[in-house]
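Asker: This is a predicted model, with the sequence first.
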Amino acid sequence: MAELNTDAGAAGHGKKGKLRAKKQSTRVDMTPMVDLAFLLLTFFVLTSTFSKPKTMEITFPVPPKDPKQNTTLVNGYTFILTAENRVFWYEGEFKEVPKNGKPATSLSEIKFGEDLNKFLLDKNDLVIKTIKDLKKKKINKQIDDTTYKNLAVDAKARKEAPFFVVKADDKAVYRNLIDLIDEFNICNIGKYAVTDITMGELNLLKQTIK
Amino acid sequence: MPKVKMPRSSPSLDMTPMVDLAFLLVTFFILTASFRNPEPVQVLTPSSTSSKLMPENSVLITISNDGKVYFNVTGYEVRKNVLIRMAKKYKFEFSESEIDEFGKMSSIGVTMQNLAKYINTEPGMREKFPSSGIPYDSLNNQLKDWIQYGWIEGATKYKELKETADAAGKQLSVEPLRFAIKADGNANYIVVKEVIKTFTDLKIYRFNLLTNFEKGPEE
């Protein structure tokens, strides 16, 4: 604060002709500075975003060079997403009519959440067991982290592991796709693909929903 | 009876440690904060257990819940060059200042025909601009061109940076360009499918789907 110093003592010294520097307090009032600092602090706290969005990496299948070429789905399951968060699945290849003594494909419904989780864990039993073993080995320090990761990837991609195909009709919502893929990741499923739905499947889906 | 003397202490405190602390925190927040450009739409991404971070350099396609598609690419220089290429292809003229302004913007969701108008709208008013989304149907696939040019320019920029880093014998801290899709959880799958098809037509098969983090089950 501005103050006027009218010191009687100073005048007394003046008589002797000695000039002495006035002793002033070196203390500065910090309050405005604190105000400013906290103002800035508040601003930065409120504007900064902490969590960067996370991502899920996904690789889509390269379309075959010859589109007529039929790919067979052995030990595979197809999920079909549709409106109202419903999911249907069938096993193996799609058959419109009974073929080779096997009945035509029919769709079964499954619920998101526990049911789906159980279903996937059950189908992927083999891989999950291997990965559990690997984890135990890692904890016991028999293998190191990189080897564990490599072996886990190998286990997920092994031949006996089931293959999952995800298809969706036009009414499905994007969130369901993410939920399903996320569930795959949770259940250590490494072999899956997102592809287009076929006419036959679409017709069957319509009949099933009716 | 002797008087009880109250110790006289000044009511003013020493503020110095408080200032120290406050400025320390300010410095921390300044250094860690990353400023975002305002996005033209609010998108609620679905949640997943994936904990991978979003790529730093990306061609980002945003899909809003009403099915509109927005395009964005990282980097001021890259964005400017992409616009120059797009202007050439669609035969539009942009002034130097418009190109500069575009370089500083975030996602865009307008057609090439409306782009000049959008750029000249004041930043605060852009949210209210009637964005129609970038057309992506097969007859008028502007999205494909945006992605393609974004890809070319982004890759060129990365190559340049890598070459200069290699020449200086330094490690490159910049990541190569990635492709990311940020879609609203309630967006129709068919829009996402079309966008993915646009990518696969360009022989891009690997994407990052942006999600919110959600804690997975304990193992």
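Answerer: Perfect, I can see it now.
Asker: tell me the SS of residue B:82?
Answerer: State at residue B:82, reduced to three classes by DSSP: H, G, I helix; E, B strand; the rest coil: helix.
Asker: How many neighbouring residues does the residue nearest to it when sequence neighbours are not counted have?
Answerer: Spatially, and ignoring its direct neighbours in sequence, residue B:82 is nearest to residue B:149 (4.6 Å; Cβ to Cβ, 6 or more residues apart in numbering or on different chains). C-beta coordinates here come from the backbone N, C-alpha and C atoms, glycine included. Residue B:149 has 21 neighbours, counted by other Cβ atoms under 10 Å in any protein chain shown.
Asker: Kindly report the same for residue B:68.
Answerer: By other Cβ under 10 Å, the residues close to residue B:68 number 20.
Asker: ok, the residue nearest to residue B:82 to residue A:75 distance?
Answerer: According to Cβ to Cβ, to the nearest Å, residue B:149 stands 43 Å off from residue A:75.
Asker: For the closest residue to residue B:108 other than its chain neighbours, give its distance to residue A:92.
Answerer: Closest residue in space to residue B:108, ignoring its immediate chain neighbours: residue B:71 at 5.9 Å, by Cβ to Cβ, 6+ apart. To residue A:92, residue B:71 is 40 Å away according to Cβ to Cβ.
Asker: Specify the local secondary structure of residue 153.
Answerer: With no chain named, the answer covers chain A. helix.
Asker: not quite, I wanted chain B
Answerer: Following three-state DSSP, the label given to residue B:153 is helix.
Asker: And the pLDDT for it?
Answerer: The model reports residue B:153 with a pLDDT of 88.
Asker: still on that earlier bit, so the residue nearest to residue B:108, which state does it fall into?
Answerer: Here residue B:71 takes the strand state, with states given by three-state DSSP.
Asker: quick one: contacts for it?
Answerer: B:59-62, B:107-109, B:134, B:143, B:146-147, B:150 (Cβ atoms under 8 Å, 6 or more residues apart in numbering or on different chains).
Asker: again with residue A:193
Answerer: Applying Cβ under 8 Å, 6+ apart, the residues near residue A:193 are A:60-61, A:163-166.
Asker: I'd guess it is in a strand, am I close?
Answerer: Yes. Counting by three-state DSSP, residue A:193 is part of a strand.
Asker: which stretches of chain B form helices?
Answerer: B:16-32, B:76-90, B:96-104, B:112-120, B:142-167, B:189-201 (DSSP state H).
Asker: Does anything pack onto the first one? Which helices or strands?
Answerer: So that's helix B:16-32. Where contact means 3 or more Cβ pairs under 8 Å, 6 or more residues apart in numbering or on different chains; DSSP states H and E, helix B:16-32 is packed against helix A:31-47.
Asker: again with the second one
Answerer: In this structure, helix B:76-90 makes packing contacts with helix B:96-104, helix B:142-167, judged by 3+ Cβ pairs under 8 Å, 6+ apart.
Asker: Which among the ones you listed is found nearest to residue B:18?
Answerer: helix B:96-104 (37.6 Å; Cβ to Cβ).
Asker: Going by contacts, tell me the helices and strands next to the closest one.
Answerer: By 3+ Cβ pairs under 8 Å, 6+ apart, helix B:96-104 packs against helix B:76-90, helix B:112-120.
Asker: Okay, buried residues for the longest one please.
Answerer: What it means is helix B:76-90. Within helix B:76-90, the residues that count as buried by 16 or more other Cβ atoms under 10 Å in any protein chain shown are B:78-83, B:85-87.
Asker: Those: which two are farthest apart?
Answerer: Between any two of the buried residues of helix B:76-90, the greatest separation by Cβ to Cβ is 15.0 Å, found for B:78 and B:87.
Asker: What count of nearby residues applies to residue B:139?
Answerer: So residue B:139, with other Cβ under 10 Å, has 5 neighbours.
Asker: separation between residue B:74 and chain A?
Answerer: 13 Å (Cβ to the nearest Cβ, to the nearest Å).
Asker: Contacts only, for the nearest residue to that residue once chain neighbours are set aside.
Answerer: What sits nearest to residue B:74 in space, not counting adjacent residues and going by Cβ to Cβ, 6+ apart, is residue B:57, at 4.7 Å. Listed by Cβ under 8 Å, 6+ apart, the contact set of residue B:57 reads B:74-75, B:154, B:158, B:174-178.
Asker: What's the local residue count around residue A:164?
Answerer: Residues near residue A:164, counting by other Cβ under 10 Å, number 25.
Asker: meant to ask about residue B:120
Answerer: Residues near residue B:120, counting by other Cβ under 10 Å, number 11.
Asker: looking at it, residue B:41 is touching residue B:69, isn't it?
Answerer: No. In this structure, residue B:41 is not within contact of residue B:69 by Cβ atoms under 8 Å, at 10.3 Å.
Asker: from what I can see residue B:150 touches residue B:78, true?
Answerer: Yes. Counting by Cβ under 8 Å, residue B:150 touches residue B:78, with 7.2 Å between them.
Asker: The helices and strands packed on helix B:96-104 into a markdown table, with extra columns for mean pLDDT?
Answerer: Shown next, in a markdown table, are those (pLDDT from 0 to 100):
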| stretch | mean pLDDT |
| --- | --- |
| helix B:76-90 | 86 |
| helix B:112-120 | 83 |
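Asker: Noted, bye for now.
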